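**Q** Here is a sequence together with a model predicted from it:
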Protein chains: 4
Amino acid sequence: MSSEYGKALKISVFGQSHGKAIGVNIDGLPAGEEIDEDELRVFMSRRAPGRNDYTTGRKESDIPIFLSGIKDGKTCGAPICAIIENNDAHSSDYNGFNVTPRPGHADYTAVVKYGKNADLRGGGHFSGRMTAPLCIAGGIAKQILERRGINIGAHIASVGKEKDECFPLEPTKEMFKDISLKAFPVINDTCGNKMIDVIKSAAAENDSVGAVIECAVIGIPSGLGSPMFDGIESRIALAVFGIPSVKGIEFGSGFSSSQMLGSENNDAFEVKNGAIRTSTNNCGGILGGISTGMPIIFRAAFKPTPSIGKEQKTVNLETLENAFITVRGRHDPCVAVRAVPVIEAVASTVLLDMLLEEKNGII
Amino acid sequence: MSSEYGKALKISVFGQSHGKAIGVNIDGLPAGEEIDEDELRVFMSRRAPGRNDYTTGRKESDIPIFLSGIKDGKTCGAPICAIIENNDAHSSDYNGFNVTPRPGHADYTAVVKYGKNADLRGGGHFSGRMTAPLCIAGGIAKQILERRGINIGAHIASVGKEKDECFPLEPTKEMFKDISLKAFPVINDTCGNKMIDVIKSAAAENDSVGAVIECAVIGIPSGLGSPMFDGIESRIALAVFGIPSVKGIEFGSGFSSSQMLGSENNDAFEVKNGAIRTSTNNCGGILGGISTGMPIIFRAAFKPTPSIGKEQKTVNLETLENAFITVRGRHDPCVAVRAVPVIEAVASTVLLDMLLEEKNGII
Amino acid sequence: MSSEYGKALKISVFGQSHGKAIGVNIDGLPAGEEIDEDELRVFMSRRAPGRNDYTTGRKESDIPIFLSGIKDGKTCGAPICAIIENNDAHSSDYNGFNVTPRPGHADYTAVVKYGKNADLRGGGHFSGRMTAPLCIAGGIAKQILERRGINIGAHIASVGKEKDECFPLEPTKEMFKDISLKAFPVINDTCGNKMIDVIKSAAAENDSVGAVIECAVIGIPSGLGSPMFDGIESRIALAVFGIPSVKGIEFGSGFSSSQMLGSENNDAFEVKNGAIRTSTNNCGGILGGISTGMPIIFRAAFKPTPSIGKEQKTVNLETLENAFITVRGRHDPCVAVRAVPVIEAVASTVLLDMLLEEKNGII
Amino acid sequence: MSSEYGKALKISVFGQSHGKAIGVNIDGLPAGEEIDEDELRVFMSRRAPGRNDYTTGRKESDIPIFLSGIKDGKTCGAPICAIIENNDAHSSDYNGFNVTPRPGHADYTAVVKYGKNADLRGGGHFSGRMTAPLCIAGGIAKQILERRGINIGAHIASVGKEKDECFPLEPTKEMFKDISLKAFPVINDTCGNKMIDVIKSAAAENDSVGAVIECAVIGIPSGLGSPMFDGIESRIALAVFGIPSVKGIEFGSGFSSSQMLGSENNDAFEVKNGAIRTSTNNCGGILGGISTGMPIIFRAAFKPTPSIGKEQKTVNLETLENAFITVRGRHDPCVAVRAVPVIEAVASTVLLDMLLEEKNGII
């Protein structure tokens, strides 16, 4: 019953979409780490809405305000609390969802759980907006990792049935940088344009569409992680499912591996430039929960945005009669577009947490 | 760095495949719960090898011995420790894996992490054999849940490209029972026979094959779980990735939802027999991390067994030269077949843990 | 490495004494709990300085600002984040403590741990000021408990060698109320006046003095807690030692019990008005880590305020030469005076956490 | 609700006094640590009863059997599970305690909590016998620490009103060794003999007596620990209160500091042989929760053994009538005598846990 994850590095997200502020408490960062606030704002702007015409028209000025944990631009060892003040909230758009819950949303489950005290305005604590503070934590973690030669990148791997290229066997930080600069973060823009068409045509129908995001982490040395319940997959999966709308995760060849033979899926070891690596990376850089030294690769499936302008069937919770609902408000037709930095943020915090826990010479 | 999961109910697995014993410590069960040891043995026998000709020829007498926590056949409130003594271990089969690691196995990462002290015999603590103690914990949790009208069932959803039927919108406990009695646990035996053929033909080539297991939980009331990092998806995913060879997990329509429109994927609410339910269950019974009251549905992807009799490329870790390896020993050509009760076990423990945490009248 | 405690109810304190704000994140409160902000301010004012002439002359306007977790004056189930903005900070008073650390303070250990990034201004994250956010959490917890008939009270049990009376076998909430209204919170004012004299005479010598606070909790039913490491003593002790300057804790007869015979210390059971109780309460209401139903009683020892105006020996950490230091600034001559509500706050949060974990019908 | 403590190093104790076996699961030890089983048995024998005529006449053959986690005498990185088989149990001695609970014991609270399923035989999971598995974990941790120059020693500081000398400012490992070899572990044998007289005279009266144990840890470098709730005091206190019969703990001057002036209690810093230290150690080696580099000193108060042969008042829980009870069975007249190694064990595990968490070059 907690909005927190992490062991050596605890990330606690607080706030409701239409409350006074949302924010994050980050407990466990080492002292002396510089926070580049400009770079952090650039990172956060990748998540911000309104960058293009296929995301929500809401304006969110996601400027983090640091309340604690920083002295002279560096971490001082105490917890960092950072907040984002809320504004531009149209609470009236959300009236009534506690009576006629939106299909695909947490309105119904929130009412069951919290009763009439549930704060459903803007999705409350269930809102995708909660990923903004996640990006503060993730942006900081990313900077700390990059200083140690660990880089994280993600792209939209598919929207509907349209697919981007996959990351190559050994993606580079330059590739990550390139993608991050794009308004529509894909590897292959031709593929990207087809995806944009899918999003636009869904939006034109007052509908939405699902997507997959692929993430790669390079520079993690071999030996990080643990067998069983504290492996890299377990740790990343726990946190990624904390992102609203994620319904699946796979590592390396993932679900495809279920259709493969062992001789196809096993990654042969080889020596290259004096170092041990695998000639393929179907395991996604993880064997027995522990990093192999190859890139860590995972993909997260995002369902279509549940808030759509089409009329849908629902139930009136007070009368227990069937009802219809049309969701107004300004919603992304494809949540995944803005979730790319969120996935990077989560991967960064989880891996930094694991590195801090093991302190194997890197940090 | 821990072989433990759970909050109110902590499950700690210990043991190495070829050590003196493997076992589990279960801390947090309520007092007064009867343990039906016969039923538990039946449950465990579903995981045991040697039931048919497409699983390993090893014999494992998985008889749990209870060291603590039980008085007069009932839990007494103190932690339950149960062990399985090891025997029938051919350690010599595993010589050399610390020098020429098996592709797809944790030999290499274990050596990087633990050095020459790694216990690789039989896969050590990384072995699929560690799922036997998981089944002790899970079998007990399952009994406790069933007494409260919560039932858990799983089946092999696919092997290679051959698929079983999916669970219907509302599976029943009788259906679960039927499947559990089958040597090859599927819904549709015709499909099952095709899967068996796939396994046999892989085995005939000294190869192995991947698979997917689908799990359903019925009887969980609406309102269990939490938004963000303590939702049902996060909790189940963490534990399921603790099962060796799992490389992906999805809930409800999962990865398919990424190819759907919102209007297709959203589950409409409706009133049926005076109760609120959804007319489809693409969300897998979970919205905002919280149960809707519909069946909880998830699928786990298992990679093909990495140990195969075919010659594979590897590296000699001492000389840093390329090498070849042929894995002998008695291995399942498809690990997922015996993993069906393991998935049920993990789902049972996680949900019991969550119910114990929330104590919302059920337990 | 964490400024957090609690299991079902997580309390995370953040901030440095002279940062932008200090605050607390409270994760796990049930929804629908009313927060009486007036009562909370009254509670917090008991900790505030400047109420009399034997506490620091600093002014701290400890007004909590709630950023999240509350809707229409009630908890909504999401984490509550509340902050107190800092002002009236004289950072210049603290220059140089990273070079010539104050005896009895954490300056030296902070520098060893965090290096030059340590924020020592006002004691940074080590400051007694961190107990203000603790009081926000504790004040809320106290209100929730009181609504269930559980009351918490504390008094100054001794200052130097001067002692107050002890709580009687069955203290009442009226007694708690009375004490809480006093500027110097004791049971017997005659004793209190002697204590005040001790404090004043220490202050007159630019010195400080230690004290003991006794706390009682009434209304906790029997059966709360666990044997071994999750008992009431363990849980309370962990949190109480998080209060700066606490160096000892004892439950019931505590250290005195070490000088007693079993026949003296054992509390006989008896039936009174149809209920089981003990005729004495040397166990402090706890047997085997579990509540007996009698009042929970503990005492915490506070060392004398380390910041004193007398010249003291220290070391110059840069030159490694002996040095002298005279601490200026406005310090309490006896930290315990303002710590009485802090002790109540910690006891309230810990017991609410345990009640939430067990949910045995009370909450 | 857990019999586990620790973060990087998790110690889970299981078993009931009269069950099949008691034991401990130790999760998180680094690989490659040698376990000297002979030395471990010597350590455990210090806790064993029957060494002299002022401890219980029970025989407990506390031989640990290692089930997992060890390969060729060294840790392999997997959890260590070790058990002690139970025998010599006279269950019949304990009949009826669920009806007429023993004063000072957990019989009553166990019955309230677990109902008729409580296992009270021999104290069940509440028994002092649970400290034997603690000593397995602690004995291993102690060996690992000693290899890094960290030594732990404890002695009986007082029994009733008779006191031993205190540890000097800088105790040595030779001193610890000397004390550990004594049947009655004190610094000054003359004091010890007086204590023995107190114990014998209590025993002669069918009574028992309380005691205090003092523990010192040398070799912990400065900088270990954290401010607030993860400081050394919090961590040690949590675990020490897990030992049955402990009712108080204090660090350094502890409760005495409450009677001191700041100028008396503050420890002046000084340079000695080029190193920074304090000329006194009233803070017990801990400032702000973090180690100073001086010895860590704490004392734990043990109440008198509650099981006494004298007739005591109790209540019949079935009839709710007053009753009398005389506890038979073989009980230590002073539990603290055998608890000296237990205190060392707990201190060792907690500090090893903290060192593993911080991995600051020592481990």
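**A** Perfect, I can see it now.

**Q** Now the closest residue to chain D within the stretch 51-200 of chain A: closest residue in space, sequence neighbours ignored.
**A** Residue of the stretch 51-200 of chain A nearest chain D, by CB to the nearest CB: A:Ala78 (7.7 Å). Heads up, the C-betas are built off the backbone N, CA and C, glycines and all. Excluding the flanking residues, the one nearest A:Ala78 by CB to CB, 6 or more residues apart in numbering or on different chains is C:His125, at 3.5 Å.

**Q** rewinding a little: any idea of the pLDDT on the residue of the stretch 51-200 of chain A closest to chain D?
**A** Note on A:Ala78: pLDDT of 95.

**Q** Count the neighbours of it for me.
**A** A count of nearby residues for A:Ala78, using other CB atoms under 10 Å in any protein chain shown, gives 30.

**Q** rewinding a little: pretty sure the residue nearest to A:Ala78 contacts A:Ile80?
**A** No - between C:His125 and A:Ile80 there is no contact under CB atoms under 8 Å: 10.9 Å.

**Q** what about those two, which has more around it?
**A** Counted by other CB under 10 Å, C:His125 and A:Ile80 do not tie: C:His125 has more neighbours, with 31 against 24.

**Q** Now for the residue lying closest to A:His331 once chain neighbours are set aside: which residues touch it?
**A** Take A:His331 and drop its neighbours on the chain: the residue closest to it by CB to CB, 6+ apart is A:Ser307, 4.1 Å away. Going by CB atoms under 8 Å, 6 or more residues apart in numbering or on different chains, A:Ser307 touches A:102, A:104-105, A:208, A:327, A:329, A:331, B:262.

**Q** Of these, which is the nearest to C:Ile343?
**A** A:His105 (43.8 Å; CB to CB).

**Q** which non-adjacent residue is nearest the closest one?
**A** Leaving aside its chain neighbours, A:His105 sits nearest to A:Pro306 (4.8 Å; criterion: CB to CB, 6+ apart).

**Q** Surely the one you found is in a helix?
**A** No - checked against DSSP: H, G, I helix; E, B strand; the rest coil, A:Pro306 lies outside a helix; its state is coil.

**Q** So for stretch A:161-176, mean pLDDT?
**A** 98.

**Q** how far does it stretch from start to finish?
**A** 23 Å (CA to CA, to the nearest Å).

**Q** can that stretch be found next to chain B?
**A** Yes - applying CB under 8 Å from any CB of the partner chain, one finds stretch A:161-176 touching chain B at A:Lys161.

**Q** Show me the contact partners of that stretch.
**A** Applying CB under 8 Å, 6+ apart, the set of residues contacting stretch A:161-176 from outside is A:146, A:151-153, A:155-158, A:186-188, A:191-192, A:194-195, A:197-198, A:214, A:216, A:218, A:280-281, A:294-295, A:297, B:259.

**Q** Among the contacts of A:Ser307, name the ones in helices.
**A** Of these, the ones assigned to helices by DSSP state H are B:Gly262.

**Q** Out of the contacts of A:Ser307, the closest to B:Leu181 would be?
**A** Checking these one by one against B:Leu181 (CB to CB), the nearest turns out to be A:Gly104, at 36.7 Å.

**Q** is it true that the closest one touches B:Asp267?
**A** Yes - counting by CB under 8 Å, A:Gly104 does reach B:Asp267; the two are 6.5 Å apart.

**Q** Would you report the backbone torsion angles of the residue nearest to A:Ala78?
**A** Here is the backbone geometry of C:His125 (degrees, to the nearest 10): phi -80, psi -10.

**Q** which residues does it contact?
**A** Contacts for C:His125 (CB under 8 Å, 6+ apart) come out as A:68, A:76-79, C:3, C:14-17, C:119, D:227-228.

**Q** repeat for A:Glu205
**A** Shown in contact with A:Glu205 (CB under 8 Å, 6+ apart): A:310, B:261, B:263.

**Q** Can I get the buried part of those residues as one PyMOL selection?
**A** Only the buried entries of the contacts of A:Glu205 go into this PyMOL selection, using 16 or more other CB atoms under 10 Å in any protein chain shown:
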select buried, chain B and resi 261+263
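
**Q** Give me the lowest-pLDDT entry from the contacts of A:Glu205.
**A** Among those, A:Lys310 carries the weakest pLDDT, at 94.

**Q** Provide a list of residues in contact with that residue.
**A** Applying CB under 8 Å, 6+ apart to A:Lys310 gives the contacts A:205-207, A:326, B:262-263.

**Q** swap the cut-off to 6 Å and go again
**A** Counting by CB atoms under 6 Å, 6 or more residues apart in numbering or on different chains, A:Lys310 touches A:206, B:263.

**Q** So in that sheet, which strands flank whatever helix or strand A:Ile152 lives in, and in what orientation?
**A** Counting by DSSP states H and E, the secondary-structure element that holds A:Ile152 is strand A:151-159. When pairing is defined by DSSP bridges, strand A:151-159 lines up against strand A:162-163 (antiparallel), strand A:211-218 (antiparallel).

**Q** Which of those strands has the highest mean neighbour count?
**A** The highest mean neighbour count among the strands paired with strand A:151-159, using mean count of other CB atoms under 10 Å in any protein chain shown, belongs to strand A:211-218: a mean of 26.

**Q** So which residues on the stretch 51-200 of chain A come close to chain C?
**A** Proximity of the stretch 51-200 of chain A to chain C, by CB under 6 Å from any CB of the partner chain, involves residues A:67-68, A:71, A:74, A:76-79, A:81, A:114, A:117, A:119, A:125.

**Q** do that again at 7 Å, thanks
**A** Within the stretch 51-200 of chain A, the positions adjacent to chain C are A:67-69, A:71, A:74-79, A:81, A:83, A:113-115, A:117-119, A:124-125 by CB under 7 Å from any CB of the partner chain.
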